[in-house]
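Visitor: Could you work out the structure for the sequence below:
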Amino acid sequence: MRHPEASSARDLRLDVFRGLALVMIFINHTPGTVFENLTSRNFGFSDAAEGFVLMSGIAAALAYAKFFAGPGPYWAGTGRMWRRVWTLYQVHIVTTVIAVGIAAATALWFGGFEMMQKNVVSASYKKPLQYMIGIPLLTHQLGYANILPLYAVLLFAGPVLLWSALRWPLRTMAVSVLVWALVARFWINFPAFPNKGGWFFNPLSWQLLFVLGLLIGIKLKQGQRLVPVRRDLLALAVAWLLVGLGVAQFPAIQDEFGHVLWFVQDRLNLPWFVMAFDKTYLSGPRLTHALALAYVLSAFPAVRQACAHRLAAPFALLGRNGLAVFGFGVVLCYTANGIKTVLPASFALDLAVISAGVLLMLALAWSKEAWRRAEQRAR
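Guide: Here you go, the predicted structure:
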């Protein structure tokens, strides 16, 4: 029997929450504004990045799972996914070049040399030859512009992951968890060049969220849920979200919680990544908080109804055009950071740069959909 949520129509929850994530990413990437205090990272252990990757996995399954469900061959689905990877790569390179140009223009024409010292842009003049090699190889990624390389790697592996998830969901999830644990245990990461270290978003760790998104998307296409709604699980998820809220908002709770985590980890001799708050390796509290939030939001029909309301339509518009909006958001956040570097801080400036950025992202998304409609009428 099909689940009541099964529908051939587009699930607006995915669009709306992806749009919300894009807005919060833009705000978080313009640090120092008062609006930064309102984004999700101030109310728990995870932030919009975890939600974005999880929803990317869901969207990938909804879009491409049909190509891998049958006996094959699978070249049609693989070609579509890898064509998307190529698009992601192009958007990343273009936005990176524009971001460097904005930083350089801010320094050259407005005296804001601080922009050349943030977000590892400084490698462009400290190690110029190595920098020009690292950018196209994705081994050097600017701050605020490093999510698309992660998504490109995950989607490149998507054909194998989808094929496996459709046939052996439990085994696929088990292998994904094992890889996540081993990678953190032995500090394995994709290489960085010319700077030392690895990728800020380690694909070998973040693949776990993407795989879980694939499994959720596959179940959605079947009119089912990956994890059923149960009162005990819902109570546990809500409790963990409340713990995250308390830790994020109250320093006293944060201190006590840190002591508790240290005590538990020390007594049980747990691996570091189970209790740490590391973003690169997607450590335990961040991962479980993101999953608890997704579970709670997906459990209540009122959330679906709210996402279908006309007030949520702007966020759905952004979510439907996620790649273009994210790439444009990178350009806008570097522009906003440049403006804030050279002008004195004020609430009026914060309001101007954030509202202008969101309105421009909405304008881009609207223009893309208007262009598509015009093309359809022409055909």
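
Visitor: Give the helix, strand or coil label for Phe45.
Guide: Under DSSP: H, G, I helix; E, B strand; the rest coil, Phe45 falls in the coil class.

Visitor: what does the one 4 residues further on give?
Guide: Secondary structure assignment for Ala49 (three-state DSSP): helix.

Visitor: could you check the distance from it over to Leu150?
Guide: Distance, Ala49 to Leu150, by C-beta to C-beta, to the nearest Å: 9 Å. Glycine gets a C-beta too; all of them are placed from N, C-alpha and C.

Visitor: Quick check: neighbours shared by these two?
Guide: Phe201 (C-beta atoms under 8 Å, 6 or more residues apart in numbering).

Visitor: isn't Val247 right up against Gln254?
Guide: Yes: in terms of C-beta atoms under 8 Å, Val247 counts as a neighbour of Gln254; the distance is 4.9 Å.

Visitor: So between the two, which is more surrounded?
Guide: Neighbour totals were compared for Val247 and Gln254, and Val247 leads with 22 against 13 (other C-beta atoms under 10 Å).

Visitor: Which helix or which strand is home to the more buried one?
Guide: helix 231-249 (DSSP states H and E).

Visitor: Now do the helix or strand hosting Trp109: which elements does it pack against?
Guide: Per DSSP H and E, Trp109 falls inside helix 75-110. Contacts defined by 3 or more C-beta pairs under 8 Å, 6 or more residues apart in numbering; DSSP states H and E place helix 75-110 against helix 48-64, helix 128-137, helix 147-156, helix 158-167, helix 322-342.

Visitor: Could you point out which of those sits nearest Phe110?
Guide: helix 322-342 (4.5 Å; C-beta to C-beta).

Visitor: Can you dump the C-alpha atoms of that closest one in CSV for me?
Guide: Output of helix 322-342 as CSV, limited to C-alpha atoms (Å, rounded to 0.1, in the frame of the first residue of the first chain):
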residue,chain,number,x,y,z
GLY,A,322,19.4,25.8,-6.2
LEU,A,323,22.6,25.5,-8.2
ALA,A,324,22.2,28.9,-9.9
VAL,A,325,21.2,30.5,-6.7
PHE,A,326,24.1,29.0,-4.7
GLY,A,327,26.7,30.1,-7.3
PHE,A,328,25.2,33.6,-7.4
GLY,A,329,25.2,33.6,-3.6
VAL,A,330,29.0,33.0,-3.6
VAL,A,331,29.4,36.1,-5.7
LEU,A,332,27.0,38.1,-3.6
CYS,A,333,28.6,37.0,-0.3
TYR,A,334,32.0,38.1,-1.5
THR,A,335,30.5,41.4,-2.6
ALA,A,336,28.8,41.9,0.7
ASN,A,337,32.0,41.1,2.6
GLY,A,338,33.8,43.6,0.5
ILE,A,339,31.2,46.3,1.3
LYS,A,340,31.4,45.5,5.0
THR,A,341,35.2,45.7,4.9
VAL,A,342,35.3,49.2,3.6
